[in-house]
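**Student:** Based on what follows, work out the 3D shape:
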Amino acid sequence: QVQLVESGGGLVQAGGSLRLSCAASGRTISTYIMAWFRQAPGKEREFVAAISRSDSYTTYADSVKGRFTISRDNTKNMVNLQMNSLKPEDTAVYYCAASRTPATMVRTLREYDYWGQGTQVTLSS
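**Tutor:** The predicted structure follows:
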């Protein structure tokens, strides 16, 4: 089992940047697909970005494509989400997640087995 702890959230002005980090413990993340999801008030949790085990493939929600970048460092057991050109609609709690699926890449919430507690990102206009 892997434990995930997110950090790096905060209050930022529209157009600004934030870098979220996810620190894993308990097991190496090299065997997991890693992803970020987010949940805005009153809305369902939604997919943001995912990265394959070997760092060969990444996939993004259309709403963040070109603005967000997911990366991983298996040696440090860390996953990061660089968020640029932030918009008010990016306001949400951001969650790190790990999937044991044998597939190369997954984007659906139910495919993810482990979750962090989340970190709040708030945009001010």
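**Student:** Which element, helix or strand, includes residue 79?
**Tutor:** According to DSSP states H and E, residue 79 maps onto strand 78-83.
**Student:** Tell me which other helices or strands that strand touches.
**Tutor:** Strand 78-83 makes packing contacts with strand 18-25, strand 33-39, strand 46-51, strand 68-73 when contacts are defined by 3 or more CB pairs under 8 Å, 6 or more residues apart in numbering; DSSP states H and E. Bear in mind the C-beta positions are built from the backbone N, C-alpha and C, glycine included.
**Student:** ok, 6 Å please
**Tutor:** The helices and strands touching strand 78-83, judged by 3 or more CB pairs under 6 Å, 6 or more residues apart in numbering; DSSP states H and E, are strand 18-25, strand 68-73.
**Student:** how about CSV for these, with distance to residue 111 added?
**Tutor:** Rendered in CSV, the data for those read as follows (distance: least, CB to CB, whole Å):
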stretch, distance to residue 111
strand 18-25, 17
strand 68-73, 16
